[in-house]
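> sequence and predicted structure below; questions after.
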Amino acid sequence: MTTLAHPPKKTMRPPAHHGRQSPAGRRWRRRFPLLPALIFTMVVTQLPFVATLVISTFQWNILRPDDRHFTGLSNYTFVFTDERLRSAVVNTVVLTASVVLLSVLLGLGLALLLDRRFPGRGLARTLLIAPFLVMPVAGALLWKHALYNPDYGLLNGTLNAVYRLFGADNGPTVDWISTFPMPALVIALVWQWTPFMMLILLAGLQAQPGDVLEAARVDGASALQTFRHITLPHLRQYIELGIVLGAIFVVQTFDAVFTITQGGPGSQTTNLPYEIYLTMFRKFEYGQAAAAGVVVVIGSIVIATFALRVVASLFREEASR
């Protein structure tokens, strides 16, 4: 009798994946759709900046187009030694610091008010946000003509009306822009940027943990103690974010300076962007204007780096909750 041997069992092998990619290949495949946007961004931002760097190394006056020659870093030496540019740097620092600090303080006060419930809060919030939505040039024209004008402006009209209440025929006529150029510019910019700070700080107030505030009320803490020991430490990073972002935007202010004061009187309100404009379109010194622009861009990058760190710390704090 013949015994049939069992046939050997076939070992099942997993199918070979010839198309399997390495982790680096998979990452590149995910990022490849972003490549056109990255190339476009580099073309429209980095190439002009490189061209500005090249121009900043030339002595180039457009009134003498054939007299163009390489001068190395002499334009940067001019930027850091020219008296007008040093004055513009001081004016830029004063203008930026004044506008940002006043906007943060007013924005904090308005945010504390809007954080409470009261009839018409939605309408009040919309009206307070409105100045930030106005075009900067339109807002500057509003302040220059409707408020500051010495003949028909609202400020002089109100001042004259107050004088008439006390029996005077007429009040003094004050040329606000010529008499107080820097305060006039600061007030107009504070009006524009206070809503921005208010929105940031209001978001921070509404992100406060309610149980901590309730525990403070149960323990008998006053409103001032709660604000000082709980609310203000919680808002610290939001205040830092508002200051850094506000500084980035306000340091680039050109439209308000050009519209309200045109840098005067006597260059008292000439900031760096407006001085670069004068160097470019009044003195026609392309190389010096390009060098000043490069310095401003580098300074803005330094400030933006701090802003990104503050934003990243905010996200980490929110993620850890």
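Structure received.
> residue contacts, the residue nearest in space to the middle of the chain?
By Cα atoms, centre = their mean, the chain has its centre lying nearest to Phe249, at 2.7 Å. Taking Cβ atoms under 8 Å, 6 or more residues apart in numbering, we find Phe249 in contact with Trp193. Glycine gets a C-beta too; all of them are placed from N, C-alpha and C.
> same question for the one 5 residues further on.
When contacts are counted by Cβ under 8 Å, 6+ apart, Phe254 is found next to 271, 273-274, 277.
> any chance of a PyMOL selection covering the buried ones in these?
This is the PyMOL syntax for the buried subset of the contacts of Phe254, where burial follows 16 or more other Cβ atoms under 10 Å:
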select buried, resi 271+273+274+277
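> check the contacts of Phe254 and tell me the two furthest apart.
The distance between the two most remote of those (Cβ to Cβ) is 10.0 Å, for Asn271 and Tyr277.
> buried set for the strand or helix carrying Ile187?
For Ile187, the host element (DSSP states H and E) is helix 181-206. For helix 181-206, burial by neighbour count (16+ other Cβ under 10 Å) applies to 181, 184-202, 204-205.
> Ala184 contacts Thr261, doesn't it?
Yes. Using Cβ atoms under 8 Å, Ala184 is in contact with Thr261, at 7.2 Å.
> from Asn91, how far off is the residue nearest to the centre of the chain?
Separation of Phe249 from Asn91 (Cβ to Cβ, to the nearest Å): 17 Å.
> what do you get for Phe49?
25 Å.
> and Pro136, by the same measure?
Counting by Cβ to Cβ, the gap between Pro136 and Asn91 amounts to 18 Å.
> residues in contact with stretch 138-152?
Identification of contacts with stretch 138-152 by Cβ under 8 Å, 6+ apart yields 131, 134, 153-156, 173-177, 184, 187-188, 191-192, 255-256, 259-260.
> and if you look at stretch 112-126?
Contacts to stretch 112-126, defined as Cβ under 8 Å, 6+ apart, come from residues 128, 198, 202, 205-206, 227.
> between those, which is closest to Gly299?
The nearest member of the contacts of stretch 112-126 to Gly299, counting by Cβ to Cβ, is Met198 at 26.6 Å.
> surely the closest one touches Val104?
No. At 9.5 Å, Met198 and Val104 do not qualify as touching, with contact defined as Cβ under 8 Å.
> what about stretch 284-291, distance to the chain center?
25 Å (Cα atoms, centre = their mean, to the nearest Å).
> and it, what's buried?
285-291.
> pLDDT added to these, as CSV?
Output for these, formatted as CSV (pLDDT from 0 to 100):
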residue, pLDDT
Glu285, 90
Tyr286, 90
Gly287, 91
Gln288, 91
Ala289, 91
Ala290, 92
Ala291, 91
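> and the residues you listed as JSON lines, adding secondary structure and distance to Arg164?
Output for the buried residues of stretch 284-291, formatted as JSON lines (DSSP: H, G, I helix; E, B strand; the rest coil; distance: Cβ to Cβ, whole Å):
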{"residue": "Glu285", "secondary structure": "strand", "distance to Arg164": "52"}
{"residue": "Tyr286", "secondary structure": "helix", "distance to Arg164": "55"}
{"residue": "Gly287", "secondary structure": "helix", "distance to Arg164": "57"}
{"residue": "Gln288", "secondary structure": "helix", "distance to Arg164": "53"}
{"residue": "Ala289", "secondary structure": "helix", "distance to Arg164": "50"}
{"residue": "Ala290", "secondary structure": "helix", "distance to Arg164": "55"}
{"residue": "Ala291", "secondary structure": "helix", "distance to Arg164": "55"}
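> now flag whichever of those residues is closest to Ser87.
Ser87 lies nearest to Gln288 out of these, by Cβ to Cβ, at 15.3 Å.
> next one: that closest one from Pro273, what distance?
According to Cβ to Cβ, Gln288 stands 14 Å off from Pro273.
> right, and Ala247 touches Thr96 too?
Yes. Using Cβ under 8 Å, Ala247 makes contact with Thr96 at a distance of 5.6 Å.
> out of these two, which sits in the busier spot?
Applying other Cβ atoms under 10 Å to Ala247 and Thr96 shows that Thr96 carries more neighbours, namely 23 against 20.
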